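[1] Coordinates only, no sequence provided:
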Ligand code: GLN
């Protein structure tokens, strides 16, 4: 088995808003610094996919139209993504990609998109305003500054199981009420932060370390 770190970018061609692909570029840069080459596969419509072939899964943000297209194809991969998340392997999901891990997402057009229903949260639309602007919040790794642009409001259905990624200082995050940004479950992070989020070196380095750990575990099992 090769020592190259394998990253799956889910629907890279459809889910990549406001610089999200920069997250994967930053991780590749940090992993290179630590002596690892990376291979990034765009896993898109009709592709075969086994999450356990990878050391890291990335899912970027998307417009409502792209989300409706992706949702129909994505459902085929529910079991492998669920098992991967439950195994504690690392994954980062941004905005539309984050919404997909929950139960459903209501679009601006009033359509309800059935999501993967892997984690207990849901995302609804309310007509008054889109959440757009700079964000700042406090995480386990320190302050993170980013940019958000979403209509979906995310609410946790099980606050014991899911933890927010951060506590808002500026901006909306998950919704206008909770003062919380994003979600953490095991080694999976969901976030509304674009910009890309991993321009924040503190969180980027923490994720890079988790990827190396996940890679080393896979390599030791294959020996
Ligand atoms: N379309 C979704 C929303 O508006 C996600 C947006 C995004 O990924 N930037 O909430």
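    Perfect, thanks for sending it. As the structure is a computational prediction, the values presented were derived from the model and not from experiment.
[2] how about the helices in this protein?
    Along the chain, counting by DSSP state H, helices occupy 21-33, 64-74, 78-86, 96-99, 201-221.
[3] looking at these, which is buried most?
    With neighbours taken as mean count of other Cβ atoms under 10 Å, the helices of the chain reach their highest mean count in helix 96-99, at a mean of 29. Just so you know, the C-beta spots here come from the backbone N, C-alpha and C atoms, and that holds for glycine as well.
[4] I'd guessed residue 100 sits against residue 71; true?
    Yes: counting by Cβ atoms under 8 Å, residue 100 does reach residue 71; the two are 7.1 Å apart.
[5] Overlap of the contact sets of these two?
    residue 115 (Cβ atoms under 8 Å, 6 or more residues apart in numbering).
[6] pLDDT at residue 207, what is it?
    Residue 207 carries a pLDDT value of 98.
[7] Show me which residues of the protein are close to the ligand?
    17, 61, 62, 63, 64, 67, 95, 96, 149, 150, 151, 152 (Cβ under 6 Å from any ligand atom).
[8] Using CSV, please lay out those together with pLDDT.
    Putting these into CSV (pLDDT from 0 to 100) gives the following:
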residue, pLDDT
17, 91
61, 97
62, 95
63, 94
64, 94
67, 96
95, 98
96, 97
149, 97
150, 96
151, 95
152, 96
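[9] In contact with residue 42: list those residues for me.
    By Cβ under 8 Å, 6+ apart, residue 42 lies in contact with 9, 11, 12, 13.
[10] Which pLDDT value goes with the last one?
    For residue 13, the model assigns a pLDDT of 95.
[11] And it, how close does it get to the ligand?
    15 Å (Cβ to the nearest ligand atom, to the nearest Å).
[12] what do you get for the second one?
    Distance of residue 11 to the ligand, computed by Cβ to the nearest ligand atom: 12 Å.
[13] How many neighbouring residues does that residue have?
    Residues lying near residue 11 (other Cβ atoms under 10 Å) number 24.
[14] Mind telling me which residue of the protein is nearest the ligand?
    residue 61 (2.5 Å; Cβ to the nearest ligand atom).
[15] Wait, that residue touches residue 94, no?
    Yes: at 4.8 Å, residue 61 counts as touching residue 94 under the criterion of Cβ under 8 Å.
[16] Look at those two and report which has more neighbours.
    residue 94 (31 against 27).
[17] So for the residue nearest the centre of the chain, what's the pLDDT?
    In the chain, the centroid-proximal residue (Cα atoms, centre = their mean) is residue 93; its distance is 0.5 Å. Looking at residue 93, its pLDDT stands at 98.
[18] Apart from its chain neighbours, what residue comes closest to it?
    With Cβ to Cβ, 6 or more residues apart in numbering as the criterion, residue 93 has its nearest non-adjacent residue at 4.2 Å, and that residue is residue 59.
[19] Would you mind confirming that that neighbour makes contact with residue 10?
    Yes: counting by Cβ under 8 Å, residue 59 touches residue 10, with 4.5 Å between them.
[20] Right, I'll call it a day here.
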